[in-house]
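In: fold the following.
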Amino acid sequence: MTPDISEFTYGFALTNELVGWMALSAVPIFPSLIEEGKETGGYDVKLDAPGLPLYLQFKRSHVMQRRSANEIKNLGLPLAVPFYRFTITERNRSLQHTSLVALDDGTNEVFYVAPRFHTLEGINAAWATNRVAQRSIFVSPSDIGIIADDFRHTVSFDGASAYFCSEPRQIESLTIDQVRSRLTEKLQSDARPVREKLRDWLDRNRAAATRAQEIQLEIDRSKGIAPMLDLRSTARSPLAPPAGIRRIGERAPPMPVRAPKQMTPEQEALRTLSDEARGQFNAQLIVVQPAV
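Out: Numbers count the residues shown, from 1 in each chain. Model (predicted):
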């Protein structure tokens, strides 16, 4: 059954709840805040405290309510109905999954996250009781691994287990409590302040994006097919018109705009991290720190 809620709605609800973590401080990095709000540019990141980046790609879940569903009838998976599934973007459509696997290299915390609800009533009930995160599943892209074919694949899950399909194999899925414990342990193992880590975070992001391109090219060459476009070399500003299309009103006088707020090097780095998380990995960047 097609979900009633969008990925944006679910992502907003989950992110809002994560900000209220008791033992941790979870700060979503939204580029627009750099010029708004506080003197700090809208960010609550404590640059002189420990921290780590958490990358979340929000998925919406389709519910399967009958045992005639493919996972049970044809694949023989021991899933209890109703169960859910979310789709992995096909390799020939996007570098998305390959990029997330490259980013999920053991140093970053990267997850697909999807809800165990699919209706407006479901998300409203979870929101009202602060159970959006508790009713969500977290899956590491690296546990799925690189997908070399161009077929449609899904992650199917119930309240106890998760499977990568279409050639099914069980994969690890985490609850929010397990994710929180994992993040806490990692924070305790590295007491360096965020200020000292920002360059490493940027370098790792860019290395992952480059590695994803290399993996994609390797797969295409092994199949003897023309490689996909290098997305980095063809990237344009979101405001730029498509090739061959003239911008309407190009000769009109420019609209007056407010001068951008002066940013510190750390704010520049955070904004770049967030921009690249969205552009390269289609993920929301959240900086996780110990609560004070």
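In: quick check: Glu109 vs Ser142, distance?
Out: 11 Å (CB to CB, to the nearest Å). From N, CA and C alone the C-beta is placed, and that goes for glycine too.
In: for Gln216, that is, sorry about that
Out: According to CB to CB, Gln216 stands 17 Å off from Ser142.
In: quick one: residues contacting Ser161.
Out: Contact analysis of Ser161 by CB atoms under 8 Å, 6 or more residues apart in numbering lists 78-79, 170, 173.
In: mind checking pLDDT for it?
Out: Looking at Ser161, its pLDDT is 95.
In: over to the one 5 residues further on?
Out: According to the per-residue confidence, Ser166 scores 81 in pLDDT.
In: nearest spatial neighbour of it, skipping sequence neighbours?
Out: Counting by CB to CB, 6 or more residues apart in numbering, Ser166 lies nearest to His153, which is 6.0 Å off, once chain neighbours are set aside.
In: compute the number of surrounding residues for the closest residue to Val194 other than its chain neighbours.
Out: Closest residue to Val194 apart from its sequence neighbours, by CB to CB, 6+ apart: Gly51 at 4.1 Å. Residues lying near Gly51 (other CB atoms under 10 Å) number 25.
In: how close does Gly51 get to Arg195?
Out: Gly51 is 9 Å from Arg195, by CB to CB.
In: can you name the next helix or strand after the lowest-mean-pLDDT helix or strand in the chain?
Out: Sorting the helices and strands of the chain by mean pLDDT, DSSP states H and E puts helix 231-234 at the bottom, at a mean of 41. The helix or strand immediately downstream of helix 231-234 is helix 265-281, counting by DSSP states H and E.
In: tell me where the protein has strands.
Out: Taking DSSP state E to define them, one finds strands in the chain at 24-28, 52-58, 62-64, 83-88, 109-115, 136-139, 153-157, 162-165, 169-171, 284-290.
In: would you turn those strands into CSV with distance to Ala209 and mean neighbour count?
Out: Output for the strands of the chain, formatted as CSV (distance: least, CB to CB, whole Å; neighbours: other CB atoms under 10 Å):
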stretch, distance to Ala209, mean neighbour count
strand 24-28, 21, 20
strand 52-58, 13, 23
strand 62-64, 29, 18
strand 83-88, 18, 22
strand 109-115, 13, 24
strand 136-139, 21, 24
strand 153-157, 22, 21
strand 162-165, 24, 20
strand 169-171, 24, 13
strand 284-290, 14, 21
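In: as TSV, those with distance to Trp127 would be great.
Out: Below are the strands of the chain laid out as TSV (distance: least, CB to CB, whole Å):
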stretch	distance to Trp127
strand 24-28	17
strand 52-58	15
strand 62-64	18
strand 83-88	18
strand 109-115	11
strand 136-139	12
strand 153-157	21
strand 162-165	24
strand 169-171	28
strand 284-290	18
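In: what's the least confident stretch among these?
Out: Note on the strands of the chain: lowest mean pLDDT is at strand 24-28, with a mean of 91.
In: pairing partners for it, with directions?
Out: The strands beside strand 24-28 in its sheet (DSSP bridges) come out as strand 284-290 (antiparallel).
In: chain center to the partner strand: distance?
Out: Relative to the chain's own centre, strand 284-290 is displaced by 12 Å; criterion: CA atoms, centre = their mean, to the nearest Å.
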